[in-house]
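S.K.: I'll drop the sequence and a predicted model, then ask my questions.
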Amino acid sequence: MPWFFIFSGEKIRINYIENCKLGTCMAMHKKTWVTSFLFKEFLSFFIRLVHASIFQITRHILIKDKLKGHM
């Protein structure tokens, strides 16, 4: 199953996922925080992943941790 990585940085200089499974995605954020934009991107990725494996026997798990005082 492909992964969705969020790396710290401002500019992609190295393809950190070049040897990962096909379909793996990466994003960068200055402080590796999950912003609303990155969360929406991840949800789109997750939905595509679920739709692509709908006829396979595959289980998916989505874990969302809400910190007190955030969101």
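M.R.: Received, thanks. Numbers count the residues shown, from 1 in each chain.
S.K.: CA atoms only for the strand or helix carrying Val50, dumped as CSV, please.
M.R.: Using DSSP states H and E, the element containing Val50 is helix 36-52. C-alpha atoms of helix 36-52 as CSV (Å, rounded to 0.1, in the frame of the first residue of the first chain):
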residue,chain,number,x,y,z
SER,A,36,-6.0,22.2,6.4
PHE,A,37,-4.6,22.2,2.8
LEU,A,38,-2.3,19.2,3.5
PHE,A,39,-5.1,17.3,5.3
LYS,A,40,-7.4,17.8,2.3
GLU,A,41,-4.6,16.6,0.0
PHE,A,42,-4.2,13.5,2.2
LEU,A,43,-7.9,12.8,2.2
SER,A,44,-8.0,13.0,-1.6
PHE,A,45,-5.1,10.6,-1.7
PHE,A,46,-6.8,8.2,0.8
ILE,A,47,-10.1,8.3,-1.2
ARG,A,48,-8.3,7.5,-4.4
LEU,A,49,-6.5,4.6,-2.6
VAL,A,50,-9.8,3.2,-1.3
HIS,A,51,-11.5,3.4,-4.7
ALA,A,52,-8.5,1.8,-6.4
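S.K.: list the helices and strands it packs on?
M.R.: Under the contact criterion of 3 or more C-beta pairs under 8 Å, 6 or more residues apart in numbering; DSSP states H and E, helix 36-52 touches strand 4-8, strand 25-29. Glycine gets a C-beta too; all of them are placed from N, C-alpha and C.
S.K.: report the buried residues of that helix.
M.R.: Residues of helix 36-52 classed as buried by neighbour count (16 or more other C-beta atoms under 10 Å): 38, 41-42, 45, 49.
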